[in-house]
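> For reference, the sequence and a predicted model appear below.
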Amino acid sequence: KQEVTQIPAALSVPEGENLVLNCSFTDSAIYNLQWFRQDPGKGLTSLLLIQSSQREQTSGRLNASLDKSSGRSTLYIAASQPGDSATYLCAPEPIKAAGNKLTFGGGTRVLVKP
Amino acid sequence: NAGVTQTPKFRILKIGQSMTLQCTQDMNHNYMYWYRQDPGMGLKLIYYSVGAGITDKGEVPNGYNVSRSTTEDFPLRLELAAPSQTSVYFCASSHAGATDTQYFGPGTRLTVL
């Protein structure tokens, strides 16, 4: 069974600092890994999807890396802004799971202080 | 496109009552999912469907039922509500295949007292 861990559980940084969010998973047999953002009281919004054959994926200030063999992914957010305050969740998609099922980590709650 | 819509947004139930959480998507997605999210936790999959007429259990299906009579709709039924079902429920959909992300609805916050 896939287990997903996100460290740290919470993070508070001053505006302008770079953010580093970690995700580890136990089963490396995955199709892809997704990073989501969740604002308080809202649903999830997909940020990045990294295919298992890729090492990283970039979108604006966001960069996600994937090391499938070691079961790790890292989300980097450059030059953080108060609007980046949210909970970030990672979710690998196991190859063995039918229907594109995802397994979610517990999330990292980020607060960017002005 | 409205994307994934869920109703109601909030609901309070008494123990033993039943209700249906509605989910509709207008993106013609094959796959649909129901998750629950307990406070401070990640999401756990309750049920999923890979197409109309096909449903299957996820990680935490006990106490819930689903049906998928159309591509657009995927209702989640709670029978005999229990306090342990107090949670936020999210519906999601995706097209198909390993390259497609899941799109989430805004959630239904359910309290069972």
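All right, it came through fine. This is a predicted model, so every value here is computed, not measured.
> Not counting sequence-adjacent ones, nearest residue to the residue nearest the centre of chain B?
Note on chain B: the residue nearest the mean C-alpha position is B:W34, at 2.9 Å, using C-alpha atoms, centre = their mean. Counting by C-beta to C-beta, 6 or more residues apart in numbering or on different chains, B:W34 lies nearest to B:I46, which is 4.4 Å off, once chain neighbours are set aside. Just so you know, the C-beta spots here come from the backbone N, C-alpha and C atoms, and that holds for glycine as well.
> would the one you found count as being in a strand?
Yes. Counting by DSSP: H, G, I helix; E, B strand; the rest coil, B:I46 is part of a strand.
> got a list of what it touches?
By C-beta atoms under 8 Å, 6 or more residues apart in numbering or on different chains, B:I46 lies in contact with B:34-36, B:58-61, B:64, B:66, B:76, B:89.
> are any of those residues buried, and which?
Among those, those buried by neighbour count (16 or more other C-beta atoms under 10 Å in any protein chain shown) are B:34-36, B:58, B:60-61, B:64, B:66, B:76, B:89.
> how about the strands in chain B?
Remark: strands assigned in chain B by DSSP state E are B:4-7, B:10-13, B:19-25, B:31-37, B:43-51, B:54-57, B:64-66, B:76-78, B:87-94, B:103-104, B:108-112.
> so where is chain B shaky, pLDDT-wise?
Within chain B, the stretches with pLDDT under 70 are B:97-99.
> interface residues of it facing chain A?
B:4, B:31, B:33, B:35, B:40-45, B:48-50, B:56, B:58, B:90, B:92, B:94, B:96-107 (C-beta under 8 Å from any C-beta of the partner chain).
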